[in-house]
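Participant: with the sequence up front, the predicted model follows.
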Amino acid sequence: MSHKTNGLNNKAAWARLKTLDMIHAAAKGHIGGCFSSMDILVALFYGAILRFDAKDPSWSQRDRFILSKGHACEGLYVILADLGFFSPEYLDKYQRSGGILGGHPDRSIPGIEADTGALGHGLGIGAGMALAGRMDKKDFLTLVLMGDGECCEGSVWESAMFAGRHQLDHLVGIIDKNGLCVTDRVSDCMAIDPLADKWKACGWDVKVVNGHDIPGIMKVLSRVRSRKSTKPLMVIARTVKCKGVSFMENDLQWHHGVPKGDILERARLELSQGVK
Amino acid sequence: MKPQDIRDAFFEEMLLLAQKDPNVIFLTADMGAFALEHFKKELPERYINMGVAEQNMISVAAGLALSGKKVFVHSIIPFVTARCYEQIKIDLCCMKLPVVIVGIGAGLTYAGDGPTHHGINDIALMRSLPNMTIFSPSDAPSTRAACRMAYRDHNPVYVRLEKGVLPEVYDEHHDDFALGFKMLREGRDVTILSSSFMTHQACAAADILQERGFSVMIIDVLRLKPLNIDAVEPILRNSRLLVTVEEHSLVGGLGSLIAECLADRDIAVPLRRLGIGDAHCFEPLSRGELQAIYGLSVGDIVKVVEEAKTKFKE
């Protein structure tokens, strides 16, 4: 493992710890989805995948990143603050008076491209951005991070077929496939699998990656700009809900449960050990 | 010159705007209109049939608008309002994006096609959304004006349109469309407020009432949201009897809007609301027959005015 990768793993552990503290302080938030998607976010923002300028969030050449699973915003807030989109002091005011960070992201927050929190909207918005980019002959990418539970929304498949039909090759979807929704497994609710085949049938290229292997995620995404395909790309990232705290992983109660007392301290300790 | 079909009036105006502005994009959920054929032929790269996928249509419109495009979206009223309501609320209204929603089939336009196609809840739905403007034009000139005002607006706009031809009540060159309403007739005894198709129904009722000795004022409300309350208030306050007439649910439409104005401004004037009660209109009948069943015929307007004038006789 390279020095850089070590650094990114450390960054992900640090961001999880910071996210945990933020959610604990507010007594509200979605730890499970934040932790399952954290390695993806770190790969995107620190792994030289996304093109952005934290000092100029509306830079016209930036890549557009939409967190369609808006409930996992706390992890994104930590990263945006760390990169300088806004002051880290706002993390301490998450869901508090005088703050700018709500329980779901909106465009008043620097670095947030679209208001999300209602599932199944982000891919369509991203498709519109990708279409506009093509009309205007711009080369930015539009990346949309979704959940597998979100794929139960019918609107996702409207957008999937639209993007496939229009060959939006600068549109990239990423599914944080942690297998769990709020009260059950996704597969208990819907015939979610075979998920990759569904996207292929809608006209997408599909890559399946380990969503906690930061170098693996970077390897797939770093080739997006140079790829020859005319299709949009869906990256299905196999993940574990609440990844990073061994005794909280894959447990439904941490979708929006907030750990406290002994559980909180043990979680902190475990995450701290990952931060070098 | 024969009055123009309402849809053609809107879409021809939209084409003129699109010819001047390369950022105008038109999305349709697989619904056509005669004038749209011109748009499709002239600007094919900016005419996109989205299929019957209204939720995605609104989200894509939002993505385009976030990228600087001026987007018009189009379908039959229930499908382009209720079906994709959350997308309109979040993607358009929360983000304050300049997307124009063009809904066809105001009120009972689709008559015997039934509740799936009736536009009788749309005002209530759209009126409750912050940042939304609503136009309900009643003839071709006001439809063209609504198209231009919607184009210039920096926020979401909903335009509810009739199909077919309506008599012209506005003068394109002289009327102040920015006011949002027009006094079509002056009168002392009763003030009837209406919009769209029902304005013409109200005019027919006024003709009968005038023969029977009533002096009837008619206010056509072109812009339902925001209603120009400051300008409307003196009219309401100086009326002896107010009657609202709408092919819409009595919950949340024009009648509700006027009742709210009376309450909010402490205006003590009797109000009668004609509209569709708590009902889905299943009867496989013509528009006129449905209006008779739901108390919206010309005769019903005349009757309610006469009864109210008897009750409130000074």
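Facilitator: Right, received. Where do you want to start? Numbers count the residues shown, from 1 in each chain, chains lettered A, B, ... in the order given.
Participant: that's a helix at A:Ala132, yeah?
Facilitator: Yes - counting by DSSP: H, G, I helix; E, B strand; the rest coil, A:Ala132 falls inside a helix.
Participant: distance of it from chain B?
Facilitator: 3 Å (C-beta to the nearest C-beta, to the nearest Å). From N, CA and C alone the C-beta is placed, and that goes for glycine too.
Participant: per-residue confidence for that residue?
Facilitator: On the pLDDT scale, A:Ala132 is placed at 98.
Participant: over to A:Glu153?
Facilitator: pLDDT at A:Glu153 comes out at 98.
Participant: quick one: it from A:Gly257, how far?
Facilitator: 23 Å (C-beta to C-beta, to the nearest Å).
Participant: measure how buried the residue nearest to B:Leu92 when sequence neighbours are not counted is and give me the count.
Facilitator: Closest residue to B:Leu92 apart from its sequence neighbours, by C-beta to C-beta, 6 or more residues apart in numbering or on different chains: B:Pro156 at 4.2 Å. Counted by other C-beta atoms under 10 Å in any protein chain shown, the residues lying close to B:Pro156 total 30.
Participant: so what's B:Pro156 up against?
Facilitator: B:88, B:92-93, B:96-101, B:129, B:131-133 (C-beta atoms under 8 Å, 6 or more residues apart in numbering or on different chains).
Participant: drop anything exposed from these.
Facilitator: In terms of neighbour count (16 or more other C-beta atoms under 10 Å in any protein chain shown), the buried residues within the contacts of B:Pro156 are B:88, B:92-93, B:97-101, B:129, B:131-133.
Participant: any idea which helix or strand carries the one residue in the stretch 1-150 of chain A that gets nearest to chain B?
Facilitator: Here the residue of the stretch 1-150 of chain A nearest chain B is A:Gly128; by C-beta to the nearest C-beta that distance is 2.0 Å. For A:Gly128, the element it lies in under DSSP states H and E is helix A:122-135.
Participant: how about the CA coordinates for that helix, as CSV?
Facilitator: Listed next in CSV are the C-alpha coordinates belonging to helix A:122-135 (Å, rounded to 0.1, in the frame of the first residue of the first chain):
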residue,chain,number,x,y,z
GLY,A,122,-30.3,13.3,-8.0
LEU,A,123,-29.8,11.2,-11.1
GLY,A,124,-32.4,13.1,-13.1
ILE,A,125,-30.8,16.5,-12.1
GLY,A,126,-27.4,15.1,-13.0
ALA,A,127,-28.7,13.9,-16.3
GLY,A,128,-29.9,17.5,-17.0
MET,A,129,-26.5,18.9,-16.1
ALA,A,130,-24.7,16.3,-18.3
LEU,A,131,-27.1,17.1,-21.2
ALA,A,132,-26.5,20.9,-20.7
GLY,A,133,-22.8,20.3,-20.6
ARG,A,134,-22.9,18.4,-23.9
MET,A,135,-25.1,21.2,-25.5
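Participant: that helix packs against which elements?
Facilitator: strand A:64-67, strand A:142-147, helix A:154-165, strand A:171-177, helix B:54-66 (3 or more C-beta pairs under 8 Å, 6 or more residues apart in numbering or on different chains; DSSP states H and E).
Participant: can you do 10 Å?
Facilitator: Judged by 3 or more C-beta pairs under 10 Å, 6 or more residues apart in numbering or on different chains; DSSP states H and E, the packing partners of helix A:122-135 are strand A:64-67, strand A:142-147, helix A:154-165, strand A:171-177, strand B:24-28, helix B:54-66.
Participant: in JSON lines, list these along with distance to A:Leu233 and mean neighbour count.
Facilitator: Putting the helices and strands packed on helix A:122-135 into JSON lines (distance: least, C-beta to C-beta, whole Å; neighbours: other C-beta atoms under 10 Å in any protein chain shown) gives the following:
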{"stretch": "strand A:64-67", "distance to A:Leu233": "15", "mean neighbour count": "25"}
{"stretch": "strand A:142-147", "distance to A:Leu233": "10", "mean neighbour count": "28"}
{"stretch": "helix A:154-165", "distance to A:Leu233": "10", "mean neighbour count": "23"}
{"stretch": "strand A:171-177", "distance to A:Leu233": "5", "mean neighbour count": "28"}
{"stretch": "strand B:24-28", "distance to A:Leu233": "24", "mean neighbour count": "23"}
{"stretch": "helix B:54-66", "distance to A:Leu233": "17", "mean neighbour count": "29"}
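Participant: nearest to A:Gly124, out of these?
Facilitator: Nearest to A:Gly124 among the helices and strands packed on helix A:122-135 is helix B:54-66; the distance by C-beta to C-beta comes to 2.6 Å.
Participant: now check the helix or strand that the closest one is followed by, is it near chain A?
Facilitator: Under the assignment DSSP H and E, the closest C-terminal helix or strand after helix B:54-66 is strand B:70-76. Yes - interface with chain A: strand B:70-76 contributes B:Val71 (C-beta under 10 Å from any C-beta of the partner chain).
Participant: so where is the stretch 201-314 of chain B shaky, pLDDT-wise?
Facilitator: Within the stretch 201-314 of chain B, the stretches with pLDDT under 70 are B:314.
Participant: point me to the residue of it nearest chain A.
Facilitator: B:Lys225 (21.3 Å).
Participant: and what of chain B?
Facilitator: Nearest residue of chain B to chain A, counting by C-beta to the nearest C-beta: B:Gly63, 2.0 Å away.
Participant: list the residues that contact that residue.
Facilitator: The contact partners of B:Gly63, taken as C-beta atoms under 10 Å, 6 or more residues apart in numbering or on different chains, are A:64, A:66, A:113-114, A:121-133, A:142, A:144, A:159, A:171, B:69, B:71, B:91, B:97.
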